[in-house]
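> Sequence and predicted structure are below.
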Amino acid sequence: MESCSTRMLLMAAAVAAAILGLAGSTFPDDCSSDWSPQNVRFTDNGRGVSLQLDRSSGSRIKTRKSFMHGTLSTLIQLVPGDSAGVITTFYTSSEGLNHDEIDFEFLGNAPGQPYTIHTNIFVADIGNREVQFKAWFHPADGYHNYTISWTPCIVVWYVDGFPIRQYKKSQGVAFPSSQPMSGYMSLWASEDAWATQGGRVRTDWSKAPFTSKYRDLQLEVCNCSIDGDHCDIKCPAHAGACQLSKEQEEQMHMMQEKYMLYNYCHDSKRFNGQMPIECK
C-alpha cells in the first residue's frame, strides 16, 4: 500500500508535468544532434524529441548555445520494459580538457525492477561525487520533470519539483564556476559495473531499438560564447539564492531518507578515510 507521502509526491508530479507542459521550448530551435542524427526524431511540432538506441549506435542532442549558470528543465519518459544496461541522460558539460559537468543519468534495469536515478558532478575533469536514488515512481509509464539549477554558489537537482540533492560552493570545495556549459540529452548502453549493478544486468539487444522521449525543454540560462568571454553577466540566471528554503531542505532530506541508495560522502572505505572536503 502506498504511503500518504508517496501519494502526495505522485500527485505533485502530475501537477508539475501538466504545468510545465504548457510552456516548453522547441527542440529544433534550441538543440541540434551531434551524434547519430538518424536516431533522433523531433515530434509534436518540435515540442518533443525521441532518442533511439540500436546495436549500431545511440544518439545525442545538445543545446545550440552554451551558458554560464541558469536552470535547465525537461520532461522525460524513459525506456519501458527491459532496459538493463541502457542509460538515458540529461546533463550539462563544458568542452575540452578539464571539463565541468552536472549529470542526471537514468540507469535501466531488468523488467519489473526500478530505475536508478544517478547524479554526479565533475569539476576540472574530476567526478567521483555520485549520489543515487531509487525511482519512487514508474519513469517509463509517463513523463516526469527533471531540473538542473546551476548558480554561482549552488547546484541543485530536482525531480518533479522536489530537490533531491544540492552541491554548494565553499572554501576549498571544487565548484564549476569558470567554464561555459551546454545542455545534453542522450541515450546509450554500457557494460560498466556502475551501470549494470556490478554486471548483474546486461543489455538484451533482441529488445532493440530502445527509445527515450523528451518534451517541453525549458532553458533559463545566461548565453555565452564557448570561450566564455561574452557571457551576459546581467541576466537573472546569474543571481538566485545560495541555499534552499527551509521547506525545500525538509523535502530534500525526506527524499534522501526514503529513496537514496548511495552517497559518496557516506563511503569512507572508498576514500580510505580521507573524505572529500565537501563531505566533512
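Alright, I've got the coordinates.
> from here on, contacts and neighbour counts on C-alpha atoms
Fine.
> hey, where'd the helices end up in the stretch 101-250 of the chain?
For the stretch 101-250 of the chain, applying DSSP state H, counting those that start in this stretch gives helices covering 246-259.
> ok now do the one residue sitting closest to the centre of the chain, which residues does it touch?
Centroid-nearest residue in the chain, with CA atoms, centre = their mean: residue 104, separated by 2.1 Å. Contact partners of residue 104, counting by CA atoms under 8 Å, 6 or more residues apart in numbering, are 89, 90, 91, 117, 118, 119, 120.
> Centre of the chain to the longest strand seen in the chain, how far?
Among all segments of the chain classified by DSSP state E, the strand with the greatest residue count is strand 210-224. Using CA atoms, centre = their mean, to the nearest Å, we find the averaged C-alpha position of strand 210-224 to lie 11 Å away from the chain's own average C-alpha position.
> Can you mark which positions in it are buried?
210-219, 221-224 (16 or more other CA atoms under 10 Å).
> In CSV, please show the C-alpha coordinates belonging to it.
Extracted in CSV, the C-alpha atoms of strand 210-224 (Å, rounded to 0.1, in the frame of the first residue of the first chain):
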residue,chain,number,x,y,z
PHE,A,210,15.2,1.3,-27.3
THR,A,211,13.6,4.7,-27.2
SER,A,212,13.5,7.5,-24.6
LYS,A,213,11.2,10.5,-25.1
TYR,A,214,11.7,14.1,-24.1
ARG,A,215,9.4,17.1,-24.3
ASP,A,216,9.0,20.7,-23.2
LEU,A,217,12.6,21.7,-22.8
GLN,A,218,13.0,24.9,-20.8
LEU,A,219,16.2,26.9,-20.7
GLU,A,220,16.5,29.9,-18.4
VAL,A,221,20.2,30.5,-18.8
CYS,A,222,22.9,33.1,-19.5
ASN,A,223,24.0,32.5,-23.0
CYS,A,224,27.8,32.6,-23.8
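> and it, what other elements does it pack with?
The criterion is 3 or more CA pairs under 8 Å, 6 or more residues apart in numbering; DSSP states H and E, and the helices and strands that strand 210-224 contacts are strand 48-53, strand 66-77.
> residue ranges for the strands of the stretch 151-280 of the chain, please.
In order along the chain, the stretch 151-280 of the chain carries the following strands (DSSP state E, counting those that start in this stretch): 154-159, 162-168, 182-189, 210-224, 260-263.
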